[in-house]
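**Student:** Have a look at this prediction, sequence included:
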Amino acid sequence: MRTGKLTARVLAYALRAAGRKIQKERRAHQTPHGRQSVKKLMAHGAATNSIELTGAPKEFDRVARKWNVDYAFYKTGPDKYLLFFKSGQADAITACFGEYSRRVLDKAKTDRVPIREQLRRAAAEILRQPAPQKKDRVKEAAHEDR
């Protein structure tokens, strides 16, 4: 850093810049957690296992975040994935997979009709019903007593 006069402000700026550089280096050397690529997971140096998974991996992501597991997906076909995880986290993955399967089964049980489909059905029902008949307006005879 070059400066004509070393003031407190310049010194504070230099210290902040040095702190940012140290933090950046520290983040680069930490092992990633959560969802990652298979290559990064294998680079951890721990033994890995895999499970075959069919369905949406996004739902599994939501559950796995709660269980703090390191995992990676490898796509083998349409809607078919291999789920890689560390062998040391096998118990956490088992619990996570149990919760995931419960969620998938519960989702399959609910036969909720999407809102757009409900609107389409309602519109079709309205079209099937006969149009309401127009009522003729008739003036009532006024009472002369008033």
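**Tutor:** Right, received. Where do you want to start?
**Student:** Tell me the secondary structure at G4.
**Tutor:** With DSSP: H, G, I helix; E, B strand; the rest coil as the basis, G4 sits in coil.
**Student:** Next: the one 10 residues further on.
**Tutor:** For A14, the secondary structure call by three-state DSSP comes out as helix.
**Student:** and what of the one 5 residues further on?
**Tutor:** Judged by three-state DSSP, the three-state class of G19 is helix.
**Student:** Against T7, how distant is it?
**Tutor:** Relative to T7, G19 is positioned 19 Å away (criterion: C-beta to C-beta, to the nearest Å). C-beta coordinates here come from the backbone N, C-alpha and C atoms, glycine included.
**Student:** same thing with W67?
**Tutor:** For W67 relative to T7 (C-beta to C-beta), the value is 51 Å.
**Student:** quick one: which of the two has more around it?
**Tutor:** Taking other C-beta atoms under 10 Å, W67 and T7 do not tie; W67 has more neighbours (17 against 10).
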